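Chemist: Quick one: sequence and predicted model below, then my questions.
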Amino acid sequence: MALNFVSRRAAGLVRSNNVAMTRMFSSEAAEASGNMSFSFNLPHESIYLNAKVAQVIVPGAGGEYGVTADHVPTVAQLKPGVLQIMHGDGSDAEKFFVSGGFALTHANSATDVTCPEAVRLDDIDPNAVSSNFEAAKASYAAAEVGSIAQAEAQIEIDVNRAMGAAVGLSLV
């Protein structure tokens with residue numbers, strides 16, 4: 001029985017609630033239904049709520065990936081990086097630096113991204129990032145080995161390094 005399910009799944013066809021679901025390539029998905037629904041939420045505000053967009057590029061912990069309409073459902077943890085939103089009107093991608101979070105893509109061409117913090121890439125001050133990175137390195141060096149303070153400083157180092165990379169800095 002399990003082998004039969006795996007065989008049908010491998011073939012790209014699975015029955016769910018008596019409705020056949022077929023896996024599509026992203027190019028087929030865009031032609032099939034156009035835009036996807038996108039929600040982008042922070043604890044204190046919703047940046048987008050069910051907005052129609054063409055594609056979202058997500059900085060997943062397992063690697064960066066793109067989501068278009070009719071994408072297979074997925075759940076991904078986000079790493080610090082750049083979230084890109086393509087509106088499909090020929091304009092440049094809208095870019096946000098996110099410190100982490102989660103992305104959930106549903107079967108109905110809807111994707112939800114929830115992050116503790118996000119800032120538009122254009123609003124990041126490279127000098128402040130460099131300064132914060134150096135302060136985090138100093139905090140890490142001053143902290144007791146294996147302490148919570150050292151772990152928090154390591155997180156600050158990692159986030160500032162990723163933020164620096166997003167704005168073209170190489171922080172070591």
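Modeler: On my side now, so go ahead. Numbering: from 1, shown residues only.
Chemist: Bridge partners for the residue nearest the centre of the chain, pull those for me.
Modeler: Note on the chain: the residue nearest the mean C-alpha position is residue 58, at 3.1 Å, using Cα atoms, centre = their mean. Note on residue 58: beta-bridge partners by DSSP bridges are residue 65.
Chemist: Which parts of the chain are strands?
Modeler: 13-16, 19-22, 36-42, 45-53, 55-60, 63-68, 74-78, 81-86, 94-98, 101-105, 110-114, 118-120 (DSSP state E).
Chemist: Show me the contact partners of the third one.
Modeler: Contact with strand 36-42 is made by 46-56, 67-71, 83, 85, 96, 108-118, as judged by Cβ atoms under 8 Å, 6 or more residues apart in numbering. Where C-beta positions appear, they are placed from N, C-alpha and C, glycine not excepted.
Chemist: Hey, what's the angle from that strand to strand 101-105? Just curious.
Modeler: Going by axes from the mean of the first three to the mean of the last three Cα atoms, to 10 degrees, strand 36-42 is angled at 160 degrees with respect to strand 101-105.
Chemist: still on that earlier bit, what pLDDT does the residue nearest to the centre of the chain get?
Modeler: Listed pLDDT for residue 58 reads 97.
Chemist: Please apply the same query to residue 172.
Modeler: Reported pLDDT for residue 172: 86.
Chemist: Contact partners for it?
Modeler: Neighbouring residues of residue 172 by Cβ under 8 Å, 6+ apart: there are none.
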